[in-house]
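>>> just a sequence and a predicted model for now, questions to come.
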Amino acid sequence: MIENKSILITGGYGFLGTNVYKNLKKKNKIIRIGKFEKKKIITFKNLKKLNIHFDIIIHCAGGSSVISSIENPKQDYSKTVGSIKAVIRFIKLNNNQVKLIYISSPAIYGNSIRKKLFKPISPYGKNKLIAEKILTKFVKKNKCKLIIIRFFSLYGEGLKKQLLWDVLTKLKKERYNFYGTGEEKRLWMHVRDAVNVIKLSIIHSNKKVEIINAAGGEILKNKTVIKLIYKLLKINKKPLFNGITRKGDPLILSQRNKELKKIGWKSSISFSNGLNNYIKWFKKK
């Protein structure tokens, strides 16, 4: 149980940050930042204004799109690496023993599926890896603790990007052609389960640096996911794939691990049920 804690959520108005905030706000004092009128970048100036000692910082801010990182790599660097440097300065300023949770990404692996082989194929993945290294080096020399969580293919109501959103948006326009071959594999986790990963990691992780590859859930080929969507929408057409792999997209984004079992995590929703809920949400929005 996490209660009576002072918690900062950066990127607190994004998809994951919003869900974490809603789950923890009743029993804790929470401040979330990340909703700015102009550039959505966390800076030291923003953080310094808070002037609060936090027990926990959940850093959800940073670049959130492979495509955007390719189109504007400098901005992605500022969002991901720049925001991490700002958080470090803030921790130094308060000289506290905060527990820092950094939301990273399996994009650091690229097309590698080996746990310690990092070959990012996009600026997004490269910057996440740089941020991880900066944080690990900093934490080892200071009093705070670090938990790095790499989520694999999150989804859920409210997410307006990635495969499910893209497919449903195309189908709404009666377009039935999709990128890739359909053989690409992804490991899906509902955002509700992702929030539980964060909570359990805070409760059970006591190492100086803890790394969790949050690869729980179901491994599915993209064509299998699209066929499930067709079935739920009662579409009697065959999905067509153009065979083109978009730059920066890995062929396989899945991995098995023991970290989730160690913290007592179990999935609470099947992909079929989660997908059905997502489609219902999409139709109402």
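All right, it came through fine. Numbering: from 1, shown residues only.
>>> what's next to the helix or strand where Tyr124 lies, contact-wise?
Assigned by DSSP states H and E, Tyr124 belongs to helix 123-140. Residues from elsewhere that reach helix 123-140 (C-beta atoms under 8 Å, 6 or more residues apart in numbering): 62-63, 65-66, 68-70, 73, 76-77, 80-81, 84-85, 88, 100, 102, 104-105, 107-110, 118, 120, 145-146, 148, 208-209, 248. All C-beta atoms are positioned from the backbone trio N, CA, C, and that covers glycine.
>>> quick one: the strands in the protein?
Ranges of strands in the chain, per DSSP state E, are 6-10, 29-33, 56-59, 99-104, 145-151, 154-155, 177-178, 185-190, 209-214, 218-221, 240-241, 252-253.
>>> export those to a markdown table and tack on mean neighbour count and distance to Leu200?
A markdown table is the format used below for the strands of the chain (neighbours: other C-beta atoms under 10 Å; distance: least, C-beta to C-beta, whole Å):
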| stretch | mean neighbour count | distance to Leu200 |
| --- | --- | --- |
| strand 6-10 | 23 | 15 |
| strand 29-33 | 17 | 18 |
| strand 56-59 | 23 | 13 |
| strand 99-104 | 24 | 11 |
| strand 145-151 | 22 | 10 |
| strand 154-155 | 22 | 16 |
| strand 177-178 | 14 | 35 |
| strand 185-190 | 23 | 13 |
| strand 209-214 | 20 | 9 |
| strand 218-221 | 18 | 19 |
| strand 240-241 | 14 | 37 |
| strand 252-253 | 20 | 22 |
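>>> list the contacts of the nearest residue to Ser78 once chain neighbours are set aside.
Ranked by C-beta to C-beta, 6 or more residues apart in numbering and with sequence neighbours excluded, the top spatial neighbour of Ser78 is Ile41, at 5.4 Å. Shown in contact with Ile41 (C-beta under 8 Å, 6+ apart): Ser78, Lys79, Gly82, Ser83.
>>> what's the distance between Ile41 and Lys92?
Distance of Ile41 to Lys92, given as C-beta to C-beta, to the nearest Å: 19 Å.
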